[in-house]
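Give me a model of this one.
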Amino acid sequence: MEGVANVHLDALEHGDTIAFMHSVQDGAASKSYGLAVAALAGVPKEVIKRARQKLRELESISPNAAATQVDGTQMSLLAARRRHRPPLKRWRISIRTP
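Got it, this is the predicted structure:
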């Protein structure tokens with residue numbers, strides 16, 4: 001696809017911790033850092049621990065099992081939010097009505 005490139009941030013791992021080097025590299029990353037990023041974002045340690053257990057289970061079944069479970073389709077979060085939002089016209093009427 002023209003104008004699209006696959007790049008990743010260079011990272012260093014030390015045990016269960018990761019440091020992103022703020023250096024953009026060509027191509028895909030050698031592995032997923034989703035759990036490390038979740039930990040950096042403040043996801044509770046028990047959730048990360050359980051996710052690591054599940055990942056090990058998947059990888060014991062098949063080395064690529066975790067990757068093959070994802071179909072690549074991105075859900076539209078904005079479309080889901082719009083469905084639950086009341087129509088603006090009705091909202092304006094309720095504000096004006098005593």
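
what about the helices in this protein?
34-40, 45-61, 65-68, 77-84, 88-96 (DSSP state H).

Check those for me: which has the lowest mean pLDDT.
Here the helices of the chain differ in mean pLDDT, and the lowest is helix 65-68 at a mean of 53.

Can you point out the buried residues in stretch 33-45?
Tyr33, Leu35, Ala36, Ala39 (16 or more other CB atoms under 10 Å). The C-beta positions use only the backbone N, C-alpha and C, and glycine is treated the same way.

can those go into CSV with extra columns for distance to Leu12?
Shown next, in CSV, are the buried residues of stretch 33-45 (distance: CB to CB, whole Å):
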residue, distance to Leu12
Tyr33, 11
Leu35, 16
Ala36, 11
Ala39, 15
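
between those residues, which is nearest Arg52?
When the buried residues of stretch 33-45 are compared for distance to Arg52 (CB to CB), Leu35 wins out at 6.2 Å.

wait, that closest one sits on Lys49?
No. Counting by CB atoms under 8 Å, Leu35 sits too far from Lys49 to count as a contact (9.7 Å).

How many neighbouring residues does Ser32 have?
13 (other CB atoms under 10 Å).

what's the answer for Leu58, then?
Neighbours of Leu58 using other CB under 10 Å come to 16.

how near is it to Val24?
From Leu58 across to Val24, the span is 29 Å (CB to CB, to the nearest Å).

what's the longest strand in this protein?
strand 17-26 (DSSP state E).

now for that strand, which elements pack on it?
Applying 3 or more CB pairs under 8 Å, 6 or more residues apart in numbering; DSSP states H and E, one finds that strand 17-26 contacts strand 7-14, helix 34-40.
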